[in-house]
Each structure stands twice: as structure tokens, then as C-alpha cells.
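Peer 1: this is a predicted model, with the sequence first.
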Amino acid sequence: MIDWRAIDTVLLDMDGTLLDLHFDSHFWLEHLPRRYGELHRLDEATQEELRARIIREQGTLNWYSLAYWSRELGVDVVALKREIQHLIGLRSDALDFLRWLKAAHPRVVLATNADRASLELKLPLTGLEEYLDAIVSSADLGVPKEEQAFWFALQEVEPFDPQRTLFIDDNASVLESAREFGIRHLLGIKQPDSRRPERELEEFIALDRFASILPDNLPPTTGEAPAAGEAPAAGEAPAAGEAPAAGEEKEEGGRG
């Protein structure tokens, strides 16, 4: 599927691509509305209004900004995220893929819509930073990945040849933006949220496992224990007392 001899740079999304989107789906559609209602003593109807309000910001910098939502809602969004941080975890074979990339030596860049507050929460819990050559947040560039200006700004701070770049993201709108910019190798994710059904992307190949794009002659690495501080991969047993949230809605594309 991928001729790795033709790849110099790998751009990777975070939420829904390297990390299981379940944490974000549950937080924004269930945990935050519920805790907002509790903290402000509001009824269920108000919680539904908040869900709709959150969705209306999709694809904008506000959608991804924890500072924006903390200010707008009068709550500490980072603190509320920490209440369920045990749900933050790597997707399936993401760690194996990152280990292979580190050994294969293309330049690996996290190109994310997650803001710096989100990164400060998730990076120490997942160990991602060890495998990345650079991290670029749309918050730093002032424009989300959905817009063409992001890619021009990214190339200024992290030069790459679009014809020799692989970009993987779970968000179809972001992939369309990258394609318009001229990035040649584009892949989506079939199941960003481990608690939600797989889906196909109409215009992009969607990966089930990263292993499907690696050379066939790789030695097996699956089954190695995560290093200290690393998050469990999606599909591992939940923490004691953890149960799937009832009635969760599907969030279209990761937040980072």
C-alpha cells in the first residue's frame, strides 16, 4: 500500500489516529455536559443545549480550545478532563507503528488540532513524545487543519515535500484539506473510537491496523508490555469500575 522508499515525512494526527477517540467522545458529549449541569445546577434540557452548542463549533479553533470552553462555560475544563483521564489510551497497534517509524527514520511530526493544554495532559500519559521529531498544534499556527492556511503555516515551521509525505488522520474534512494542499499519500482511520462501529471513508482508504501498511518482513512486536507511564492500547481491559457511557453519540473526527 505504501512504498516507504518514497516517504521522507510522516504527519500524524493524535486523537482518533494514535489515541483512542473514546476519551474525547465521552468527555465532550457525556462527561462535560453532565458535570456542567451539576456545577451550575442545571437540568437535562440545558445539558442537551450544551451538546448542540459544542457541535456547532466543530472545525474551528474554538472547538479544539480548552481555554475557550473554560471561559465560556465557567468551569475548569482541564480539571474535568483529569477526572476521567484513565480513559486516555493508545489505539490498537499505534505503539508498534511508532516504534517501527523510529527505527525506519522518516521524520515523524505530530500535526494536531489539540491545543497545548490537551497535549500537556495526554503526552505524559501516553509516552507519544518519545517517538516524535516535532509537535505542531493548530493553536500555535492560529488556524485549524481543516483550512488551507494551516498547511502553508506548517510548511513554514516544519518544511516537508508534499509529494514525499504520508499523512494519517481520522477526520475526512482534514484529509480533504491536506489533499487540496497537495499531500500525496493520505490515509484515514476505520475505527477512531474503540467503543463505536467501524466506518468507511468515501474518498480515502481507512486503516484498520497500522500493520497493514508496514513491510511484510517485519519481526513481530505485538505483545510487548508498555513502558512505564504509557497508556494501554484501545481494546485492553478497562480500569476497575469503568463502564461504557450509555447513550454516547458519535463525534465526527478527532479533536487532534
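Peer 2: Structure's in. What do you need?
Peer 1: for the rest of this, base every contact and every neighbour count on C-alpha atoms.
Peer 2: Fine.
Peer 1: contacts for stretch 174-183 next, please.
Peer 2: With Cα atoms under 8 Å, 6 or more residues apart in numbering as the test, stretch 174-183 has contacts from 145-148, 151, 162-169, 186-188.
Peer 1: and which of those is nearest to residue 49?
Peer 2: residue 146 (25.1 Å; Cα to Cα).
Peer 1: using the three-state scheme, assign the closest one.
Peer 2: coil (DSSP: H, G, I helix; E, B strand; the rest coil).
Peer 1: and the closest residue to it other than its chain neighbours, how far is that from residue 144?
Peer 2: Spatial nearest neighbour of residue 146, chain neighbours left out: residue 174 (4.7 Å); criterion: Cα to Cα, 6 or more residues apart in numbering. Using Cα to Cα, to the nearest Å, we find residue 174 at a distance of 9 Å from residue 144.
Peer 1: do residue 111 as well
Peer 2: 10 Å.
Peer 1: just residue 42 next, same as before
Peer 2: Distance of residue 42 to residue 144, given as Cα to Cα: 32 Å.
Peer 1: higher neighbour count, those two?
Peer 2: Each of residue 42 and residue 144 has its neighbours counted (other Cα atoms under 10 Å); residue 144 has more, 25 against 14.
Peer 1: check contacts around the more buried one.
Peer 2: 59, 60, 61, 113, 138, 150.
Peer 1: do you know the pLDDT at the fifth one?
Peer 2: As predicted, residue 138 sits at a pLDDT of 98.
Peer 1: neighbours around it, how many?
Peer 2: 23.
Peer 1: at which residues are the helices of the stretch 1-150 of the chain located?
Peer 2: With DSSP state H, counting those that start in this stretch as the criterion, the stretch 1-150 of the chain has helices at 22-26, 32-40, 44-56, 61-64, 66-73, 77-82, 94-104, 116-126, 138-141, 148-157.
Peer 1: mean pLDDT for those: which is lowest?
Peer 2: Minimum mean pLDDT among those: helix 44-56, a mean of 89.
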